[in-house]
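Participant: Provided below are the primary sequence and the corresponding predicted coordinates.
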Amino acid sequence: MSENNLLKGLMDEFMASFSQDSQDAMMRRVNAERLIRLYAGQFIDQHQAESIRILPDQRLAGEDVADFLVQVDDYDLRIVLIDSTNGVPQLTVKYIQEWLDLLEDNPSTAFMIVVWTTDELLALPFSMVQLQTLLKSPEQVEDCLLNVTPLNQLIPVIIQQQVKNWEIDEDLSQKPDERGRDCYSIFAEKIGQAIDKEANRRYKIEERLKAAQEFPYQKEKQVILSILEDALEGKSAKELEYQLTRLPRRGSI
Amino acid sequence: MPITTFEEKTYLVIDNCVLSMLTDCFCDGHKRLSGIQLLHETQQSILDLLNIMKSFAVDGSLHTTQVVSLEYQPQNGILGNHILDRRHIKTMAMQVRRQFELLGTSPNSIQYLRELPKAPRHLIHPTDGLSDADMSLIHLGLHLTQNGNKVFLLSNDQDLLQFSSWIRIQKCLRNPPMNPVNLEGMLCLAYLDLLHRNCDISTKQMSQFINYLIRDTGNRMAEREKVSLNPKKGAQILDQIAAINQVFAKSIEDKLNKQGVLA
Amino acid sequence: MINYIKMINWRAYEQHELEFGKGITFLMGPNGSGKTSILEAISYALTGEAALFDSKTRSQLLRDPKRPGTITLRFDVAGIGYEIQRTQNPDRAGGASLIRLNDKKRLAKTHSSVTNQVEKLLEISDDFLRRIVYMAEGDVFNFLNAPPKDALDIQIRTVLGLTQLNEFSIALKNSKKHFRERLKSLQDLKSDLDRLQIRTTADLDNHIKVGEEAKQGLLIKLETTAQELKELDQHTIFAKKLQHEIDNLQEVIHDDSEKWDGFIDKNIQTSLEQFQDNLNVIEQDLTDIRMALARLDGQDESYISIFELLEPYDNSTDTVPCPVCRKPLTLSERNSILKEINKDILAIQQQRNKQTLTKNEISKAKEELTRQINILKPIRNLIAHTDLPGIHLQMSFSEITNAVHELIKEEAIIRQDHLTQERSTTNVRLSELETYQSEYFSIKKRLQDFGFESPEELLEELIRIEVRLLSIRAASQAAEITLATQQKTDMKSIYQQIAGLWSTFTGIDGWEVEMEKLGFPVVINPEYGLKLDMRQLSGGEKTALLIMLHTIIAHHFSKSDFLMIDEPLEHLDPINRRSLIRFLVDAYRHQVFGQAVIATFEEALIRKYQSEEGINIIGV
C-alpha cells in the first residue's frame, strides 16, 4: 500500500461523501470507483502487449471524480462515472450536451462510456452520432438505458469492435511445392511450339509457302513477346493491334 | 450540496492496519509523553475510540479475525521507537484485542475466496495477492452479512477494499442468508470522518488523524527523495494533501452547521 | 530480401539512403514526403521500370530534370547478396549493372540484362513483379471501387494477366482480320499479275512496250484501211454520182433521141466540145440579134420621141417646130411626118418581130444546147476529177456507162465489204489491245496506289504479311493455351485459397471452389446456398483480401517473399484501418511473407507495434 494510494483513496471517499446525500449513495460511488480502478488495472494487465493505457482523466465537469481516459492505438475511450438513483441508471439531458461538446473537442475519442454507480457498474457507450441523436430526440434516452451492460464486459467488447480480427489461415504461409508460372512464361514457351507448328504446315499459296520457308523466327517471336509485355502492362487492344499490324521495313525479311 | 451523514448502525470489521495506524497516530499525538505514560495514554485513546465505534455498531461489538488480531503488533510502529518494556506493549496489544469479537479462520476456510470465478488475479494470488489474514476479514464480513445488516469493513488496504467491492457483487456468493451486497469496505478515516460529522468524534481528534496521515505521507516522501522520487509524483502528492485539507475543512463546516454554530 | 537503397536525384530526394530489415517496414510521412518515391525506386531498380511512369515520362522521375538520377539497391536471394545500380539520364536511360557482392562479379551491365538476371534470380518476370509484388497507390482504390460482383474476378484476372491476355487475344483477332482484308485487296492485284505473267518490273515494262508497238501497228493499219475506205467511199460516191448523171442522160437521150443521135458511141469529151462549139456559134448569133434589136429599139425610140413631140398639138393653125431643124411645120407637114414615122415605126416593129422570132429560136437552140452541155459536163467533170479506176474521158458514153456499172458493183460489193471488214477487225484487235494495255497501265497505277514501286515490292509485302499472319496464328494458339492453363490450374488453386480466406472474412465456414460452364472457378457455399459476393465485405476486408490475393499469387508464381504496398489505408474507415494493420502484422508473424515495405501516414496506428520484432518504422 502506498501513501499516495491511501491519500488518493481517502480523497475519493471524502469526495464521495460530499457529493452524495446518503450512505448508500456514497458507498455506491466509492464501490464504483474502486471497481473501475480494479477493472482498469485488470484490463491493462490483460492487454499489456497491446499498449492500452488507462489514465485518470478528471477533466469532466470540474469535479474530482473517477473518470478515466482509455488510450488505445489511435483512439481513446472516456469513462465517466455518474450517480445512479438508488442503484438504477438515470440519464439527464444536461449530461448529453456536455459529453457532446467533449467529443467534438476531442476527435480522437471514439466513445464516451458512461458508468453508473451500480453494483455491477452498469455502463453504456455513446458515440458522437448517438449523442446528437439523443439530443434531438430526448425521448429515446429511456430506451437507451435498457441496453446497459456491466463495464467489465463492455470495455473489451468496445475495444474488440474497434479492430476486426482476421485470422490468418496457416495454409497461407505454406509455400507451394510446385510454383505456377505467370502467363508470360507460359506464353513464351508455347509460342515457340505454335510457330513451329504453323511453319511446318503445307501451304498451297505461294506467298504463304515462302513466308513459312523464310520465317524470321527470332525476330517475330521477339516482336510478339514484346507486344505481349505491353499488353500485360495494360495497353488497350487498339494500341496492341496497331503494333501487331506494323510490319518490318521492306527488305528486312 | 449533498453530503453524507451517518445513517445506520452496521457491523464493523476492523483490519489490523487500522489499529496500527490509530496506535501510531495516538502515539504521535502524545509524543510529549514517553515511556509507560505514553503507552498508557495511547492505549486509552485507542480504547476510547474503539468504544465510540462500538456504539455505532449494530451489535455494539467490533469484529475481526484471530489471525488479523495477532498481526496487531504495536511495537512495530512508533511505540517500537520508544524504550518500552515489550511486555507492556504486549499487554496493550492484548487489551486492544480484547475489544474485538474474534472469528477463527484457517487457510482452508477462506480458500473458496481465492477460487471464485473471474476473481482479480493480482488480489487472490496466494503470495502476491491478499494474505490469508486479509481474506479472513472478507470471510468474516460475508459471514456477518447473514445477520441481515450492513457490514462495514474498515481498512487502509486499498487492495482489500477493492476486493471487498468486487466480492459484494459476486452473484455466486448470494446464498441467503448471506448477502455479499451488504458488505462495504471503507477507509477507516473516512468512516471516522462520518462519525466526526455526526459530532461523535471531536474535530480536534479528527484533525489529529488527518494531520498524522499527511505528515506520515510527507515523511515517507522525504525518505524517498533520497532515492530520487519522481518530482512530478511528489507534486501530485502535495496537491492531494492540500486537497484533503480543503475537503476536511468542508467536513468541519458541515459539523458546525449541524451544531448550529454556522447560521 | 531488400537490404538497402540509395537514391540520387530521384523524385523527392536529392540524395537519400535507407536500410531495410526483415519484416514490415512502414514508411511514415504525410502526403508528398517521398514515400512513393522510395517504392518507385525499388521497382525501378528491380525491373528497370517505375510503376507510375513509362518510357516516355520516365524523365519525370528525376528531381532535377537536367541531371541524371541513380538508384542503388542491395538485396539477397538464398543468402547471396547482390547490388543493382541503374541510372536514368534526362533524355534516355543511362547505365546499369548487377553485381554479386561476395565476389564482386558483374553479372549484367545493361538495363535489359540486369532485368533479365533479376528475373532469373527471383524467378519472376519484371512485369509480374510490378503487377503483383508492388501494389501501387490507386490499386486498392480501383479494387474497392470496382463493381462488387466482379471485383475479385477482375482483380485476379488482372493480377494474373488474364484480362490483359484477353485484350491481347482481341488484338490478335483484329489484326488477323486487318491483314486478311489487306491480303484480299492485294490478292486481286496479285492474281492479275499472275494472269498477265508479270513477276517483275521488267515483265511489266516489256508487256507495255510490246503492246504499244502492236498498237501503233494496228493504228497504222487502221489508218491505211480508213484511207482506203475513204478512197473507196469517194470512188463509190463519185461512181454513184456518175451513175446518176448517166441515168439522167440516158433518160434525156431516150426522150429526145434526135438531138443525141450518135452521141452514145462518141467520145464524151469530143461530144462536149462539139456542143460547146455549137453553143458558141449560137451565142454569137444571139449577140448579133441582140445588137440588131437594140438598133431597132433605138430607132424606134427616136421615132417615138419625135412622134411624142409632134403628137400633142391639135388641129389649129398653129405650127410646131421641127424637132430636128426647128423649122416650123405645118399640120400637114406634121402629119406627113407622123405618117412617115408611123411607117418607119411599123417597119421597125416588123423587123423587131422577125429578129425576136429568130432570137427565140436561137435561144431555144441555145437552151437545148446548154442543157445538153449541162448534162454532159457533170459526167465529164466527174470522170476528169475523180480518177475512177477504168474510166476516162476518151471512152464513149456507152463504154463509160458499162464501166461505171461494173465499178459500182465491184466496189460496193467486194472491196467495200472487205475493207470494212478489215477495218472492223482491226478495230476489234485495237480495242482488245487497248484493253490489254489498259490492264498493264492499271496494274502500274494500282501498284502505285498501294504504295509499291514494282511487282517485286508487292510480292515482298505479301510475304511479310503472311509472315506476320503466321506469327499471329501462332500467338493466338499460344494465348489460348495460356489462358486455359491458368484458368484450369492457377486460377483454381488461387480460388481455393480464397475460399479459405472467405471464411475468415465472412465468419461463415464451408466455402468451396466449383468450375462453372465457361471453365471459370467460382467460390460457393453449398450449405447456405451462397456465392462469393464482394458486397459481403467491408472496405478493410476487401483491402486485406486484395493484399492476401497478391501474396497468394506471389507465392504461387515466384520465389518472391516480398511485398510493396503504397497507402493501403487511404480509403478505409478507422476500424478497418486498425484491422488491416493488425492483419498485416499478423501475416508477417505467421510468415505469410518475409518482408514488406508499406507506405502510410497513419502513425498513430503503427506506434503500438514499433517495439515488436520485425516491425520497423522509418520516418520520411
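Facilitator: Everything's here; your move. A quick note: this is a predicted structure, and the numbers were derived from the prediction, not measured.
Participant: how about the strands of the stretch 101-250 of chain B, start to end?
Facilitator: Secondary structure of the stretch 101-250 of chain B (DSSP state E, counting those that start in this stretch): strands located at B:151-155, B:183-187.
Participant: From C:Leu18, how far out is C:Phe562?
Facilitator: Look at C:Phe562 and C:Leu18: by Cβ to Cβ, to the nearest Å, they are 15 Å apart. C-betas here are computed from N, CA, C, even on glycine.
Participant: which one of those two has more residues nearby?
Facilitator: Each of C:Phe562 and C:Leu18 has its neighbours counted (other Cβ atoms under 10 Å in any protein chain shown); C:Phe562 has more, 23 against 19.
Participant: touching chain A at all, the helix or strand containing C:Arg157?
Facilitator: Counting by DSSP states H and E, the element that carries C:Arg157 is helix C:151-160. Yes - using Cβ under 8 Å from any Cβ of the partner chain, a contact is recorded between helix C:151-160 and chain A, made by C:Leu160.
Participant: For that helix, give the mean pLDDT please.
Facilitator: Here the mean pLDDT over helix C:151-160 is 74, rounded to a whole number.
Participant: what's the angle between whichever helix or strand comes after it and helix C:151-160?
Facilitator: Following the chain from helix C:151-160 toward its C-terminal end, the next helix or strand by DSSP H and E is helix C:162-195. In this structure, helix C:162-195 runs at an angle of 60 degrees to helix C:151-160, with axes from the mean of the first three to the mean of the last three Cα atoms, to 10 degrees as the basis.
Participant: List the buried residues of helix C:162-195.
Facilitator: For helix C:162-195, a neighbour-count test (16 or more other Cβ atoms under 10 Å in any protein chain shown) marks C:162-165, C:167-172, C:174-176, C:178-179, C:182-183, C:186, C:189-190, C:193 as buried.
Participant: which residues touch C:Asn278?
Facilitator: The contact partners of C:Asn278, by Cβ atoms under 8 Å, 6 or more residues apart in numbering or on different chains, come to C:Leu369.
Participant: give me the element it is part of.
Facilitator: C:Asn278 belongs to helix C:268-310 when assigned by DSSP H and E.
Participant: Could you give the average pLDDT over that helix?
Facilitator: Helix C:268-310 shows a mean pLDDT of 86 in the predicted model.
Participant: Just checking the distance from that helix to the centre of its chain.
Facilitator: The gap between where helix C:268-310 is centred and where its chain is centred comes out at 88 Å by Cα atoms, centre = their mean, to the nearest Å.
Participant: What separation do you get for the residue of the stretch 1-150 of chain C found nearest chain B and C:Arg582?
Facilitator: Scanning the stretch 1-150 of chain C for the residue nearest chain B gives C:Met28, at 29.9 Å (criterion: Cβ to the nearest Cβ). Computed with Cβ to Cβ, the distance linking C:Met28 and C:Arg582 is 17 Å.
Participant: B:Ser131 now?
Facilitator: Applying Cβ to Cβ, one obtains 41 Å for the distance of B:Ser131 from C:Arg582.
Participant: Need the residue closest to the centroid of chain C.
Facilitator: With distances taken as Cα atoms, centre = their mean, C:Asp449 lies nearest the centre of chain C, 6.6 Å away.
Participant: Now for it: which residues touch it?
Facilitator: Neighbouring residues of C:Asp449 by Cβ under 8 Å, 6+ apart: there are none.
Participant: mind redoing it with 10 Å?
Facilitator: C:Leu189, C:Ser442 (Cβ atoms under 10 Å, 6 or more residues apart in numbering or on different chains).
Participant: cool, A:Asn106 as well?
Facilitator: The contact partners of A:Asn106, by Cβ under 10 Å, 6+ apart, come to A:Arg59, A:Leu69, A:Asp76, A:Arg78, A:Met112, A:Met128.
Participant: ranges for the helices of the stretch 1-150 of chain B?
Facilitator: Counting by DSSP state H, counting those that start in this stretch, the stretch 1-150 of chain B forms helices over residues B:16-29, B:35-55, B:66-71, B:86-98, B:107-114, B:121-124, B:132-145, given from the N-terminal end onward.
Participant: Go through the ones you listed and pick out the most buried.
Facilitator: For the helices of the stretch 1-150 of chain B, the largest average neighbour count (mean count of other Cβ atoms under 10 Å in any protein chain shown) is found in helix B:132-145, namely a mean of 24.
Participant: Quick one: classify the residue lying closest to A:Val88 once chain neighbours are set aside as helix, strand or coil.
Facilitator: In space, and not counting its chain neighbours, A:Val88 is closest to A:Thr118: 7.5 Å by Cβ to Cβ, 6 or more residues apart in numbering or on different chains. Classification of A:Thr118 using DSSP: H, G, I helix; E, B strand; the rest coil returns coil.
Participant: follow-up on the earlier one: please list the members of the contacts of A:Asn106 that lie in helices.
Facilitator: Here DSSP state H is the test, and those give A:Met128 as lying in helices.
Participant: circling back to that earlier point, quick check: the residue nearest to the centre of chain C vs C:Asp203, distance?
Facilitator: According to Cβ to Cβ, C:Asp449 and C:Asp203 sit 19 Å apart.
Participant: contacting residues around residue 134?
Facilitator: As the question left the chain open, I've gone with chain A. For A:Leu134, the residues meeting the contact criterion (Cβ under 10 Å, 6+ apart) are A:Leu91, A:Val93, A:Tyr95, A:Ile96, A:Gln97, A:Trp99, A:Leu100, A:Phe126, A:Gln140, A:Val141, A:Asp143, A:Cys144.
Participant: please go with chain B instead
Facilitator: B:Asp134 is in contact with B:15-17, B:65, B:67-68, B:71, B:110, B:113, B:123, B:155, B:157, B:159-160, B:163-164, counting by Cβ under 10 Å, 6+ apart.
Participant: Give the burial count for B:Ala249, as a bare number.
Facilitator: 10.
Participant: Report the residue ranges of every domain in the chain.
Facilitator: Picking chain A for this. Structural domains of chain A, as assigned by automatic domain parsing, span the residue ranges A:3-162, A:183-244.
Participant: actually it's chain B I care about, not the one you picked
Facilitator: Taking automatic domain parsing as the domain assignment, the ranges for chain B are B:10-191, B:202-259.
Participant: can you list the weak-confidence ranges in the stretch 401-550 of chain C?
Facilitator: Scanning the stretch 401-550 of chain C for pLDDT under 70 picks out C:411-412, C:414, C:416, C:517-520.
Participant: mean pLDDT lowest for which of the domains of chain B?
Facilitator: For the domains of chain B, the weakest mean pLDDT is recorded on domain B:202-259, namely a mean of 78.
Participant: okay, the domains of chain A in a markdown table with mean pLDDT and distance to C:Glu422 next?
Facilitator: Shown next, in a markdown table, are those (pLDDT from 0 to 100; distance: least, Cβ to Cβ, whole Å):
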| stretch | mean pLDDT | distance to C:Glu422 |
| --- | --- | --- |
| domain A:3-162 | 82 | 110 |
| domain A:183-244 | 91 | 43 |
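Participant: Nearest to C:Thr287, out of those?
Facilitator: Using Cβ to Cβ as the criterion, the shortest distance between C:Thr287 and the domains of chain A is 98.4 Å, found for domain A:183-244.
Participant: can you pull out the helices in chain A?
Facilitator: All helices of chain A, identified by DSSP H, fall at A:3-19, A:23-46, A:93-105, A:128-136, A:141-145, A:151-162, A:170-173, A:183-199, A:206-213, A:217-232, A:237-244.
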